[in-house]
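Participant: sequence unknown, structure follows:
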Ligand code: DQA
């Protein structure tokens, strides 16, 4: 099984960015935890990050035929991007939406997720562990396919 972990804008700044929301661990720490979990699960993982909406659309399109599942934290584009929703609908790769913070308890504009309807599940507010839970969910979904 091959998983793609895709991170949106500003997540490269984890560790220094709004630590009260996102903690003090860095993006590299996150990648290390994801790789370790992939090894434990026996799955292949590719981790990518972009600050650009169009690049994220390209990466979702290019995932078709390559990856069996996507863990997606679209960051701010969660709340704005019909293009990401359409890309997910086009490729139909099982996707889990992840947010480090609990977006349900934050500003009203963060209550909207355009991508959610194309995702099999959403994990929010579990910190970095949410990425690992999303991987577990994709594995479980894959084994039932
Ligand atoms: C986020 C939540 C979004 O609202 C925000 O724009 C982010 C990160 C999260 O992981 O909690 O950049 O997706």
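Facilitator: Cool, the structure landed. Please read these numbers as outputs of a predicted model, since none were measured by experiment. Residues are numbered from 1 along each chain as shown.
Participant: The host helix or strand of residue 21 and the ligand in contact?
Facilitator: Element membership for residue 21 (DSSP states H and E) is helix 19-22. No. Applying CB under 6 Å from any ligand atom, one finds helix 19-22 separated from the ligand by no less than 6.6 Å. In short, each C-beta sits where N, CA and C put it, glycine included.
Participant: for the lowest-mean-pLDDT helix or strand in the chain, which positions count as buried?
Facilitator: Ranked by mean pLDDT, DSSP states H and E, the helix or strand of the chain with the weakest confidence is helix 129-144, at a mean of 92. For helix 129-144, burial by neighbour count (16 or more other CB atoms under 10 Å) applies to 130, 131, 132, 133, 134, 135, 137, 138, 139.
Participant: Show me which pair in these is furthest apart.
Facilitator: 130 and 139 (15.0 Å; CB to CB).
Participant: Would you enumerate the residues in contact with residue 78?
Facilitator: By CB atoms under 8 Å, 6 or more residues apart in numbering, the contact list for residue 78 reads 8, 97, 99, 103, 110, 112, 113, 114, 115.
Participant: Quick one: the helices in the protein, in order.
Facilitator: 19-22, 27-41, 53-62, 82-91, 129-144 (DSSP state H).
Participant: buried residues in the shortest one?
Facilitator: With burial defined by 16+ other CB under 10 Å, the residues of helix 19-22 counted as buried are residue 22.
Participant: Now it: average pLDDT?
Facilitator: Here helix 19-22 scores 96 as its mean pLDDT.
Participant: burial measure for the closest residue to residue 114 other than its chain neighbours, as a count.
Facilitator: With CB to CB, 6 or more residues apart in numbering as the criterion, residue 114 has its nearest non-adjacent residue at 4.7 Å, and that residue is residue 85. Applying other CB atoms under 10 Å, we find 19 residues neighbouring residue 85.
Participant: for residue 114, same thing?
Facilitator: Residue 114 has 18 nearby residues by other CB under 10 Å.
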